[in-house]
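Enquirer: no sequence for this one, just the structure:
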C-alpha cells in the first residue's frame, strides 16, 4: 500500500470535554426548572441536553479510541470508531425528536399554566452555554464527522433554547400557553432533519460506498493517460474515516516491466489520484497478460 502524506487538522478532545461539563450543568438546571415551571418545552430541552451529554461522552470516547495505534489485531487501529459514534448520535437525535413530538401533541390539546419567567431565564442560560460550546467545536466540526455530530447536537440545543425563549416571552405577555407545544414540535422536526442527513453520510462511509465527490470512470481515464499504464480494473474506493480515502485496484501493465519501473509508475499514479481526487492511500496489484476479469468493478 502506498500513501501520500497530507496535512491533517488536529482534532483535540479538550473542547469536547468542556462542552460536556457545561451541558451537564444546563441539563440539571433546565430539568428542575421545567418541573417547577410546568413547561414541557423546557423539560424537552433538558432531555435533549441530556441525550447530548451521553452523545458527547460517546464522541469523546470514540475520538480517543480513533487515535490508538494500529496493531497486529487491529491493523487499521480504531479509526472508524468516530463514524460509529456519528451514526449513533444521529440516531439518538431522531429518537428524541419523536418522543418530543408525542408529548407536545398531547399537551397542545390540553394547555397548562406555565411559570414563564423561569422558562425565559433558563432559556437564556441554555443559549449562552450551548452557544459557547458551538463556538468551541465549530473548527473541528469542519474536518471531522464525529465532531460534526457533536457540534450539530449542541447547535440544535442552542436553537431549541431560542425557541423556548420565544415561547416563554409569548406566554408571559400574551398567555399563549399552547406555544410551548408548538415550539417543542418545531424543535423536534429540526432534529429529525439534521439527524437524518448525518445518518445518511455516516452510513455511506460505514458501508464503504464510493465517496460522493469521486467519479471512478474519471479516475480510470486519468490513469490510462500515464505511459505504461494499461487497463485499471477491479477497483474499490472508500472512506476509512473522514481524513483517509483508500483506493485499491488491479493494473494491467502494457509491458513486462521490472519492479523498479513499476515503482516509478506507481508513484505517478499516486500523485495523480491525490492531486485530482484527494485519495491518499493506494494499493495497486500489477499484472501483465493475466487472465482475470478486466471490468472496472468486479464482484469479489
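Expert: Looks like it arrived, so ask away. Keep in mind the model is a prediction, meaning the values are calculated, not measured.

Enquirer: can you give the distance of the helix or strand harbouring residue 218 from its chain's centre?
Expert: If you go by DSSP states H and E, residue 218 is part of helix 216-223. Distance of helix 216-223 from the chain centroid (CA atoms, centre = their mean, to the nearest Å) equals 29 Å.

Enquirer: what is that helix packed up against?
Expert: Using 3 or more CB pairs under 8 Å, 6 or more residues apart in numbering; DSSP states H and E, the elements in contact with helix 216-223 are strand 229-239, helix 259-277. (C-beta placed from N, C-alpha, C; glycine too.)

Enquirer: tell me how far the helix or strand following the shortest one lies from the chain's centre.
Expert: Going down the chain from strand 229-239, the next helix or strand is strand 245-253, by DSSP H and E. Centroid displacement of strand 245-253 relative to its chain, using CA atoms, centre = their mean, is 28 Å.

Enquirer: can you offset everything so residue one is 12?
Expert: Sure, I'll start counting at 12 from here, so that last one is strand 256-264.

Enquirer: which other helices and strands contact strand 256-264?
Expert: strand 240-250, helix 270-288, strand 292-298.

Enquirer: strands paired with the shortest one, and their directions?
Expert: According to DSSP bridges, strand 292-298 has the following sheet partners: strand 13-14 (antiparallel), strand 256-264 (parallel).

Enquirer: including mean pLDDT and distance to residue 209, could the ones you listed go into CSV?
Expert: Formatted as CSV, the strands paired with strand 292-298 follow (pLDDT from 0 to 100; distance: least, CB to CB, whole Å):
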stretch, mean pLDDT, distance to residue 209
strand 13-14, 50, 28
strand 256-264, 96, 19
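
Enquirer: nearest approach to residue 195 belongs to which of these?
Expert: Of all those, strand 256-264 sits nearest to residue 195, with 40.6 Å by CB to CB.

Enquirer: thinking again about what came up before, a markdown table please, covering the strands paired with strand 292-298 and showing distance to residue 186.
Expert: Below are these laid out as a markdown table (distance: least, CB to CB, whole Å):
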| stretch | distance to residue 186 |
| --- | --- |
| strand 13-14 | 65 |
| strand 256-264 | 57 |
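
Enquirer: how about the secondary structure of the residue sitting furthest away from the middle of the chain?
Expert: Within the chain, the residue lying farthest from the chain centre (CA atoms, centre = their mean) is residue 267, at 45.4 Å. Residue 267 carries the three-state label coil when classified by DSSP: H, G, I helix; E, B strand; the rest coil.

Enquirer: list the contacts of the residue nearest to it when sequence neighbours are not counted.
Expert: Leaving aside its sequence neighbours, residue 267 sits nearest to residue 299 (CB to CB, 6 or more residues apart in numbering; 5.1 Å). Neighbouring residues of residue 299 by CB atoms under 8 Å, 6 or more residues apart in numbering: 263-264, 266-268.

Enquirer: what mean pLDDT does stretch 74-93 have?
Expert: This predicted structure assigns stretch 74-93 an average pLDDT of 84.

Enquirer: so residue 225 lies in a strand, does it not?
Expert: No - looking at residue 225 with three-state DSSP, it is coil, so not inside a strand.
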